[in-house]
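Engineer: sharing a model that was predicted from the sequence below.
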Amino acid sequence: MTDLSRTEQRNPRSMALDRMSTVDLLALINAEDRTVPLAVAAVLPQLADAVDMAVAALSGGCRIHYVGAGTSGRIAVLDAAELIPTFGVSPDRVVAHIAGGVPALTRPSEAAEDDEAAGGAVAAFAAGEVVVGVTASGRTPYVRGALIAARAAGAGTVLISANPASPLAPLADVHVAPDTGPEVLTGSTRMKAGTAQKLILNAFSTATMVRLGRTYSNLMTDMLAANAKLRDRRLRILAEATGADEEACRRALTEAGGDAKVAVVTLIAGTTADQARQALAETSGHVHAALTSLNGHHA
């Protein structure tokens, strides 16, 4: 038998799991969950390296790929999907691949994670892209296949695991490996390891988008306003960003063709929508830089 990763070992604190009262059982799960952010904090330098790789790739017109199986794959799909409405990212820029395909999102396909060849064939990876393998155990053959294919294509590689001793680590340029330790329920990596992966992917993608200029301050200026609730939110974002009243924000948004970022620049800098759009184009969409280039305004 191969050596067990930390995620597969028994947790000495939960040996009496099946004999606990409901509240004690929940208290134990909660106590274990509280250790996860500390484990993630310990790997922030590696996560920062991964973010810098992603920023370089997307800035250069290349794609980011998430590759995972089971819980890891589902978390990756969720993160990639939410970038579309939150940051206005085109669906083909950050792409998630899960072992077993779309059906595996709701009906687990555990055997698919052993298919290394399928992992290597998920996409035609290219130089300049970044492939992010997500696997709690750090052993998944599907992810291994993707990382090997990525390396062969000249793409950058990142491994997100909960196993600092992952055998896949040599295939990654950056290994982000929070040591979340044994689970409350032995081997159930949907728990602490899964929580760590959710925290890491949230931080990874959000930091990447912020660095790419897809926010102004802490406001979602690039969000897609596809329904009434989101259109109202977009108006509130404009008002928060500029201090202008609702009518002025609505007028600026109309003149900007619905582009909230253009509207922000017009309202703060007092320029036309065309001037704002040009300034944003020249500064890769960074609002602060666009404002400075227009009139030295430091917002």
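Structural biologist: Sure thing, it's come through.

Engineer: doesn't residue 116 make contact with residue 99?
Structural biologist: No: counting by CB atoms under 8 Å, residue 99 does not reach residue 116; the two are 10.3 Å apart. Every residue, glycine included, has its C-beta placed from N, CA and C.

Engineer: the two: who's more crowded?
Structural biologist: Neighbour comparison, residue 99 and residue 116: the larger count goes to residue 99, with 28 against 17 (by other CB atoms under 10 Å).

Engineer: circling back to that earlier point, quick check: neighbours shared by residue 99 and residue 116?
Structural biologist: Shared contacts of residue 99 and residue 116 (CB atoms under 8 Å, 6 or more residues apart in numbering): residue 142.

Engineer: wait, is residue 262 part of a strand?
Structural biologist: No: assessed with DSSP: H, G, I helix; E, B strand; the rest coil, residue 262 is helix; it does not lie in a strand.

Engineer: just give the closest residue to it, not the sequence neighbours.
Structural biologist: Leaving aside its sequence neighbours, residue 262 sits nearest to residue 256 (CB to CB, 6 or more residues apart in numbering; 3.8 Å).

Engineer: please apply the same query to residue 223.
Structural biologist: residue 86 (5.8 Å).

Engineer: residue 37 now?
Structural biologist: Nearest to residue 37 is residue 199, by CB to CB, 6+ apart, at 6.7 Å.

Engineer: ok, the one you found - contacts?
Structural biologist: 36, 37, 40.

Engineer: end-to-end on stretch 26-45?
Structural biologist: 32 Å (CA to CA, to the nearest Å).

Engineer: also stretch 277-295?
Structural biologist: End to end - CA to CA - stretch 277-295 spans 14 Å.

Engineer: next: stretch 180-194.
Structural biologist: Across stretch 180-194, first to last residue, CA to CA, it's 10 Å.

Engineer: show me what counts as buried in it.
Structural biologist: Residues of stretch 180-194 classed as buried: 180, 181, 182, 183, 184, 187, 189, 190, 191, 192, 193, 194 (neighbour count, 16 or more other CB atoms under 10 Å).

Engineer: just flag the most distant two among the residues you listed.
Structural biologist: 181 and 190 (15.0 Å; CB to CB).

Engineer: surely residue 135 and residue 71 touch.
Structural biologist: No: judged on CB under 8 Å, residue 135 makes no contact with residue 71 at a distance of 9.8 Å.

Engineer: okay, those two: which has more neighbours?
Structural biologist: Ranked by neighbour count (other CB under 10 Å), residue 135 and residue 71 place residue 135 first, with 31 against 20.

Engineer: check contacts around the more buried one.
Structural biologist: Counting by CB under 8 Å, 6+ apart, residue 135 has contacts 68, 69, 72, 143, 159, 160, 161, 166, 168.

Engineer: name the element the nearest residue to residue 61 once chain neighbours are set aside belongs to?
Structural biologist: Spatial nearest neighbour of residue 61, chain neighbours left out: residue 128 (7.9 Å); criterion: CB to CB, 6+ apart. Assigned by DSSP states H and E, residue 128 belongs to no helix or strand.

Engineer: kindly report the same for residue 202.
Structural biologist: helix 192-211.

Engineer: which residues does the residue most central in space within the chain contact?
Structural biologist: Taking CA atoms, centre = their mean as the criterion, residue 205 is the residue nearest the geometric centre of the chain, at 3.2 Å. Taking CB under 8 Å, 6+ apart, we find residue 205 in contact with 79, 80, 83, 94.
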